[in-house]
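K.L.:
sequence first, predicted coordinates after that:
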Amino acid sequence: MAAIDSELVGEQQVVDGLYGRLDELRAQSRRRLAAVRRAGPSGSPQNRSERDAFATLYEDRLAQLESVEDRLAFGRLDLRDGERRYIGRIGLTDEEQTPLLTDWRAPAAQAFYRATAAHPDGVVRRRHLVTSGRRVTGLEDDVLDLEALAEAGVDPASLSGVSGEGALLAALGAARTGRMGDIVATIQAEQDAVIRSPLTGALVVQGGPGTGKTAVALHRAAYLLYAHRRLLERSGVLMVGPSRTFLRYIDQVLPSLGETGVVTATIADLYPGVEARGTEPAEVARLKGSTVMARVVGRAVRQRQRVPQQATRVRVDGRTVVVRPQDVAAAIGRARRQNRPHNQARVTFVRDMLARLAEQYVQQLGWEVPPEDRAEIVEDLRSTREIRIALNLAWMPLTPQRLLTDLWTKPYRLDAAAPELSAHERALLARPADAPWTPADVPLLDEAAELLGEDDQAERAQARADAERQAAEVEYARQVLRSTGAGDMVSAETLAGRFASSGPSLTTAERAAADRSWTYGHVVVDEAQELSAMAWRALLRRVPTRSLTIVGDVAQTSSPAGTHDWAAMLDPLLRGTWRLAELTVNYRTPAVVAAAARRVALAAGLPVSPQTSARDVPDALTCERVTQDALAAAAAAAADRRVAEVRDAAGAGRVAVVAAADRTAAIRAELAAAGHTVPAGDAVDLQAPLVVLTPTQAKGLEFDVVVLVEPAQVLAASAGDLYVAMTRPTHALHVVHASDLPAGFDDPA
Ligand SMILES: Nc1ncnc2c1ncn2[C@@H]1O[C@H](COP(=O)(O)OP(=O)(O)OP(=O)(O)O)[C@@H](O)[C@H]1O
């Protein structure tokens with residue numbers, strides 16, 4: 001006992017030292033920031049932008065140092081050669097650059113997650129430090145090499161616990177707060193292998209509910225940013241999630257790992273400037289998500305390049321020029337052979353046609369026309385209204401929005417563009433001109449944007465000028481870094497990026513999010529089973545290197561355009577270049593609930609992944625049968641009781657009622673009558689102790705207790721939805737039902 005106490009005291013001293021160093025670094029950044037700010041707004045524009053850049057740099061560094069307060073250090077490795085290595089959220093060194101704390105992502109920390117007694121990897125003992133605030137409250141040791149430990153003269157009485165299980169179980173059993181937390185102190189070996197998998201290529205991570213796919217995806221993003229900082233800081237990392245609510249749920253994880261530069265988005269947000277807030281029936285979304293739409297959009301574009309049936313005669317300055325079908329056909333042919341997007345190829349088409357018309361005009365003059373006069377004639381023809389109309393009819397400049405609106409609102413256009421769809425399917429796609437865009441429209445807009453392109457001549461000239469200026473600025477930033485010694489904090493390119501913007505300085509993330517054609521260095525997709533084939537096409541355009549982390553569970557698919565089979569979806573897109581990893585341990589759901597969910601999913605024919613549960617909780621599954629009329633009231637009453645049960649003194653503890661969409665209003669009304677404030681609409685407040693959700697809204701989230709209403713009805717809409725709903729709780733699933741429970745619910749044993 002005494003030995004353990006003295007170990008605790010020893011660790012407390014180390015931890016105090018680490019926090020002391022952290023405080024020093026914070027104070028240093030604050031002083032530098034204050035000094036830069038004191039310099040005031042005077043000076044040349046160059047001086048000003050340099051000051052702004054440094055201010056942003058110190059602000060970022062300070063924010064990073066502030067964000068790692070909680071569990072700064074959480075582990076220690078005792079190595080065979082006698083070295084003791086502390087593992088933490090970030091790396092720290094003292095003033096002489098001697099390492100004090102090793103970043104969890106560094107190669108030197110890997111053994112903390114991977115070493116086992118069978119493969120100790122030079123580790124004699126692994127120690128988990130349990131902390132509360134800055135106080136060390138507990139220790140747990142894994143002895144990996146008993147002999148070496150004895151040789152090193154370690155007193156066995158100083159060993160506490162037998163493995164790291166306590167830290168993991170404490171993390172798993174903690175009340176939920178409505179925000180996802182990091183798992184950096186307890187990453188398990190199979191998860192670590194995924195997190196540190198190489199950057200290149202597409203990695204698909206399949207795993208049942210609660211196996212840590214989201215956690216692993218986020219930690220992998222942080223790891224890749226650490227291991228490939230120079231590359232990824234400039235090109236950016238995109239994280240795609242299923243809903244804005246989900247993105248809010250995870251938005252504190254990366255900052256707590258010291259990373260703020262990741263762009264997060266849903267597929268519906270991918271097209272800058274379009275807010276896809278409309279809804280539509282599942283079968284319409286399914287149709288819009290299928291690959292046939294790529295052909296339809298492609299054809300729709302080509303059909304806006306059209307040879308007129310008749311010639312158009314136009315009078316210009318007393319002469320007549322004729323827009324002849326055969327000339328248009330020839331000009332279209334030449335422009336198409338360039339294989340450029342529609343709006344860019346149109347420039348060629350128009351130039352060609354104007355040259356032909358100018359030739360007709362010159363012929364009628366009957367004298368030699370010098371080249372500069374010919375150019376003037378071309379400009380005259382270009383600005384003649386009838387000619388503009390005739391050329392537009394043959395080759396219309398188009399925006400993606402215009403093209404798609406025409407397809408959805410003009411049946412003759414859709415009929416022509418989509419002969420492979422049935423009349424019923426084409427009717428499904430029709431909508432009024434003022435209907436809002438839906439999430440399934442976004443990949444189609446993106447497809448159209450790709451085929452249409454922009455008339456980008458001015459933009460390209462600007463880009464050339466920008467590139468030259470950027471090169472000069474990077475050189476300047478290098479000089480600045482050399483003279484200030486800040487090179488360990490930032491690369492010259494990043495600093496130059498900050499110097500360059502004269503307005504409010506934009507980070508890579510902000511620039512990337514605003515630019516449709518931005519290509520990212522890496523893309524992480526969560527709940528990837530929900531993406532349609534068209535959504536994948538849009539996403540892959542943003543990552544030409546195909547460096548992707550794709551996580552999901554093909555048994556949890558609820559989108560009708562999503563997939564139940566990775567190979568079927570990804571082979572055509574990634575041509576067999578993707579690799580698969582599986583996660584097999586469920587860290588969320590109590591074993592008895594997980595087993596029931598699994599039986600129901602199997603009975604419904606879902607491709608369920610095998611998994612074991614990390615823990616069980618007594619009385620985790622309750623089923624309550626009531627009459628149809630009493631469903632809403634019974635669900636509300638159960639939720640009311642459960643909220644009181646799970647709420648802890650610190651305000652943690654979350655309950656969700658999950659029910660089909662047509663029931664949520666009645667349940668909310670019952671809860672309101674019982675005095676709960678339950679916001680309606682799509683804006684789910686994850687901070688609230690009690691929320692009412694549809695299964696789709698619950699996707700990816702977790703709660704202490706889930707009250708599931710009428711599972712048979714949820715199943716009838718989608719088996720994947722029921723599987724999702726049943727696997728959200730960390731403590732208990734309380735089922736309220738009037739109809740019979742779906743097959744597999746009751747344990748046959
Ligand atoms: N190694 C770990 N240590 C502590 N907690 C963990 C660990 N792995 C996973 N968890 C916890 O388990 C829960 C489930 O993780 P996560 O949400 O990432 O699972 P998932 O596979 O994405 O689930 P789903 O498919 O159901 O959305 C989270 O609370 C997460 O923090």
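P.N.:
That came through, no problem.

K.L.:
wait, residue 426 sits on residue 416?
P.N.:
No. Applying Cβ atoms under 8 Å, one finds residue 426 not in contact with residue 416, separated by 10.6 Å. (Each C-beta comes from the backbone N, C-alpha and C, glycine too.)

K.L.:
more neighbours: which of these two?
P.N.:
Using other Cβ atoms under 10 Å, the more surrounded residue of residue 426 and residue 416 is residue 426, with 18 against 13.

K.L.:
pretty sure residue 108 contacts residue 88?
P.N.:
No. Assessed by Cβ under 8 Å, residue 108 is found out of contact with residue 88, at 11.9 Å.

K.L.:
gap between the closest residue to residue 417 other than its chain neighbours and residue 451?
P.N.:
Closest residue to residue 417 apart from its sequence neighbours, by Cβ to Cβ, 6 or more residues apart in numbering: residue 300 at 4.0 Å. Here residue 300 is placed at a distance of 9 Å from residue 451 (Cβ to Cβ, to the nearest Å).

K.L.:
so the two - more neighbours on which side?
P.N.:
A direct count of neighbours by other Cβ under 10 Å for residue 300 and residue 451 places residue 300 higher, at 23 against 19.

K.L.:
regarding that one, what is its secondary structure?
P.N.:
helix (DSSP: H, G, I helix; E, B strand; the rest coil).

K.L.:
same check on residue 517?
P.N.:
coil.

K.L.:
tell me how many other residues surround it.
P.N.:
12.

K.L.:
and the pLDDT at it?
P.N.:
Per-residue pLDDT puts residue 517 at 81.

K.L.:
name the nearest residue to the residue of the stretch 601-749 of the chain found nearest the ligand, sequence neighbours excluded.
P.N.:
Closest contact between the stretch 601-749 of the chain and the ligand, by Cβ to the nearest ligand atom, is at residue 700 (4.3 Å). Spatial nearest neighbour of residue 700, excluding adjacent residues (Cβ to Cβ, 6+ apart): residue 246 at 4.6 Å.

K.L.:
do residue 76 as well
P.N.:
Spatial nearest neighbour of residue 76, chain neighbours left out: residue 127 (4.2 Å); criterion: Cβ to Cβ, 6+ apart.

K.L.:
quickly list what that neighbour is bridged to.
P.N.:
residue 76, residue 141 (DSSP bridges).

K.L.:
I figured it hits residue 78, correct?
P.N.:
Yes. With contacts counted by Cβ under 8 Å, residue 127 reaches residue 78, the gap being 7.3 Å.

K.L.:
so how far is residue 106 from residue 91?
P.N.:
7 Å.

K.L.:
who's more crowded, the two?
P.N.:
A direct count of neighbours by other Cβ under 10 Å for residue 91 and residue 106 places residue 91 higher, at 18 against 15.

K.L.:
for the residue nearest to residue 518 when sequence neighbours are not counted, which three-state class applies?
P.N.:
With Cβ to Cβ, 6+ apart as the criterion, residue 518 has its nearest non-adjacent residue at 4.4 Å, and that residue is residue 512. The three-state assignment at residue 512 reads helix, by three-state DSSP.

K.L.:
contact residues of the stretch 551-700 of the chain facing the ligand?
P.N.:
Within the stretch 551-700 of the chain, the positions adjacent to the ligand are 553, 556, 587-588, 700 by Cβ under 6 Å from any ligand atom.

K.L.:
farthest pair within the residues you listed?
P.N.:
Greatest spatial distance in these: 556 and 587, 15.9 Å, computed using Cβ to Cβ.

K.L.:
more crowded one of the two?
P.N.:
More crowded of residue 556 and residue 587, by other Cβ under 10 Å: residue 556, with 28 against 22.

K.L.:
doesn't residue 209 make contact with the more buried one?
P.N.:
Yes. Contact criterion Cβ under 8 Å: residue 556 and residue 209 qualify, at 6.5 Å.

K.L.:
ok, longest helix in this structure?
P.N.:
The longest helix of the chain (DSSP state H) is helix 2-38.

K.L.:
burial count for residue 388?
P.N.:
Residue 388 has 14 neighbours, counted by other Cβ under 10 Å.

K.L.:
any idea which element it lies in?
P.N.:
Assigned by DSSP states H and E, residue 388 belongs to helix 385-394.

K.L.:
can you check residue 545 too?
P.N.:
Going by DSSP H and E, residue 545 is not in any helix or strand.

K.L.:
contacting residues around it?
P.N.:
200, 519, 521 (Cβ atoms under 8 Å, 6 or more residues apart in numbering).

K.L.:
now do the contacts for the last one.
P.N.:
With contact taken as Cβ under 8 Å, 6+ apart, residue 521 is in contact with 228, 231-232, 234-237, 543, 545, 547.

K.L.:
lowest-confidence one in the residues you listed?
P.N.:
residue 234 (83).

K.L.:
that concludes my questions; thank you for your assistance.
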